[in-house]
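Engineer: got a predicted model here, sequence first, then my questions.
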Amino acid sequence: MADQMVLTTQQWLNSTYGNKTGFGSVQETGNTGWDTINALIRALQIELGITATANNFGSRSEEHTSELQSHYSIS
């Protein structure tokens, strides 16, 4: 059964990041799963300035998170 909030998130991801290098797309099904999780990871990587995105949060992504931590006062 589809979840409206998941569907809204998938639609938002595609409309916000669909034209960005390295994003691709996420299926708009309203179902949770790895396709949506991986799309969220790629979107975060794009926000961090990483253009060679991947479906995982590796050392390169981790290096860039210090910028977010500083900006949002996260420890």
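Structural biologist: Everything's here; your move.
Engineer: next up, the contacts around residue 74.
Structural biologist: residue 68 (C-beta atoms under 8 Å, 6 or more residues apart in numbering). Quick note: C-beta positions are derived from backbone N, CA and C, even for glycine.
Engineer: let me know the pLDDT of it.
Structural biologist: What the model reports as pLDDT for residue 74 is 70.
Engineer: for residue 57, same thing?
Structural biologist: 81.
Engineer: identify the residue spatially nearest to it, adjacent ones excluded.
Structural biologist: Distances taken as C-beta to C-beta, 6 or more residues apart in numbering put residue 41 closest to residue 57, at 5.7 Å, once the chain neighbours are dropped.
Engineer: ok, residue 42 next?
Structural biologist: Nearest to residue 42 is residue 53, by C-beta to C-beta, 6+ apart, at 4.4 Å.
Engineer: how many neighbours does the one you found have?
Structural biologist: Residue 53 has 22 neighbours, counted by other C-beta atoms under 10 Å.
Engineer: pretty sure it contacts residue 44?
Structural biologist: No. Residue 53 is beyond contact range of residue 44, at 9.1 Å (criterion: C-beta atoms under 8 Å).
Engineer: coming back round to it: show me the contacts for the residue nearest to residue 57.
Structural biologist: Contacts of residue 41 by C-beta under 8 Å, 6+ apart are 53, 54, 55, 56, 57, 61.
Engineer: what residue lies at the spatial centre of the chain?
Structural biologist: For the chain, the residue nearest the mean C-alpha position is residue 40 (2.3 Å; C-alpha atoms, centre = their mean).
Engineer: got any ranges where the protein has weak pLDDT?
Structural biologist: For the chain, the stretches flagged by pLDDT under 70 are 75.
Engineer: separation between residue 67 and residue 54?
Structural biologist: Distance, residue 67 to residue 54, using C-beta to C-beta, to the nearest Å: 18 Å.
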